[in-house]
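Chemist: coordinates only, sequence not included:
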C-alpha cells in the first residue's frame with residue numbers, strides 16, 4: 001500500500017483541525033484562533049511600517065539636488 005502525501009488545501013485544513021483538537025480540545029480552539037488573528041494583525045502592521053519606511057526612503061533619495069557652484 002502506497003501512502004499519498006498531503007497536497008490539497010482541504011487536507012491541510014483537516015489535519016490542522018485534528019491537531020488542534022488533540023492538543024487543545026474544543027475549549028481552547030477559540031483562544032488559539034484569537035491569538036493567531038492577533039499575531040497576523042501584528043505581522044501586517046509591521047509589514048506596512050517597513051513598506052512605509054522604504055517608500056519614504058525612496059522619495060527622499062529621488063529629491064533633486066540644487067546645482068553646486
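Modeler: Nice, I can see it. Keep in mind that this is a model prediction, so the values were computed, not measured.
Chemist: ok, so what distance separates the most centrally placed residue in the chain from residue 22?
Modeler: The centre of the chain sits closest to residue 40, judged by Cα atoms, centre = their mean, with a distance of 5.0 Å. Separation of residue 40 from residue 22 (Cβ to Cβ, to the nearest Å) stands at 23 Å. Where you see a C-beta, it was placed from the backbone N, CA and C, and this is true even at glycine.
Chemist: How far does the longest helix along the chain sit from its chain's centre?
Modeler: Using DSSP state H, we find that the single longest helix of the chain is helix 29-61. Distance, stretch centre to chain centre, for helix 29-61: 8 Å (Cα atoms, centre = their mean, to the nearest Å).
Chemist: and it, what does it pack onto?
Modeler: For helix 29-61, the elements it packs on are helix 9-24, judged by 3 or more Cβ pairs under 8 Å, 6 or more residues apart in numbering; DSSP states H and E.
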